[in-house]
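Participant: need coordinates for the following:
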Amino acid sequence: MSLKFVILILFSIYFAQLTAEDCEKCERLECPLVSYCPSGVTQDKCGCCEVCSQRLGQKCDYVPEGSDLQGPPVNGTCGEFLFCSKEGICECDEEGQICGSDDVTYNSICEFMEETVKNHELTVVDRAPCRKGPIIKSPPKDSSRPAGSILVLDCEAVGYPVPTISWELYKADGSTVQLPSDDSLVAVQVRGGPEKHMVTGWVQIMEILPENVGIYTCIATNSKGEAKASAKVSFSKSKVPKKKY
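Facilitator: Take a look at the predicted model:
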């Protein structure tokens, strides 16, 4: 039997004796009133009075899995949706974003429960992010390029549900072209990211010509709404350097 194991046993016996002596004095009528506990309630070490469970980030009593050595609680028991880490800190046991009745998206149910400390009337609306209309996070930028040059416009949008991105070209003659069109010199690409609930779209103009200059508009759409951002593409006076062969 190792010295460390013997010490653990002695400490368990010692704390058990202290608990037994303290608990003999317990009177339920003398228990303090528990008003609001965001992580739920538990019993004190005597099993007599109700106390608030430990909250996210608070100290707790870590017990290794499979261990039979369980002395009286020193720091307290983690509440609902929490577990006691090896460092003796209450951490969140559930992942996934939460939509609160305040129309705020919380990163976890634990983060939401902490917010209820300030606002007791908060409730969970959905076990998913709050539904939001699109927001253009990174709009395309105005560009002036010489005839025959290459240009790439990009657009990033965020929302929930994740938006879709489409493009339109408004020409100087007043006509509108939905992209992609039959113009082989103009390509459109879309991918998810770079962040959660975000989408990125590109327009690549392989050769700047009179027929493909104008105002390019990025349109982000989901079930909650639509957002637009535009950039003007025009000719510059400089010339495209000739290729050297």
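
Participant: which SS state does the nearest residue to G192 once chain neighbours are set aside fall under?
Facilitator: Distances taken as C-beta to C-beta, 6 or more residues apart in numbering place V199 nearest to G192, at 5.7 Å, with adjacent residues excluded. Heads up, the C-betas are built off the backbone N, CA and C, glycines and all. Using DSSP: H, G, I helix; E, B strand; the rest coil, the secondary structure recorded for V199 is strand.

Participant: does V199 touch Q189 like I think?
Facilitator: No: V199 is not in contact with Q189 according to C-beta atoms under 8 Å; the separation is 11.2 Å.

Participant: more neighbours: these two, which one.
Facilitator: More crowded of V199 and Q189, by other C-beta atoms under 10 Å: V199, with 23 against 13.

Participant: which ones are touching that one?
Facilitator: Applying C-beta atoms under 8 Å, 6 or more residues apart in numbering, we find V199 in contact with 156-158, 162-165, 190-193, 220.

Participant: mind running it again at 7 Å?
Facilitator: V199 makes contacts with 157, 162-163, 165, 190, 192, as judged by C-beta atoms under 7 Å, 6 or more residues apart in numbering.

Participant: any figure for the gap between the residue most central in space within the chain and L56?
Facilitator: Centre of the chain computed as the mean C-alpha position; nearest residue by C-alpha atoms, centre = their mean is N107, 4.5 Å away. Per C-beta to C-beta, to the nearest Å, N107 is found 11 Å from L56.

Participant: just to revisit the earlier point, among the contacts of V199, which ones are in strands?
Facilitator: Among the contacts of V199, DSSP state E puts 157, 165, 190, 192 in strands.

Participant: which among these end up buried?
Facilitator: 157, 165 (16 or more other C-beta atoms under 10 Å).
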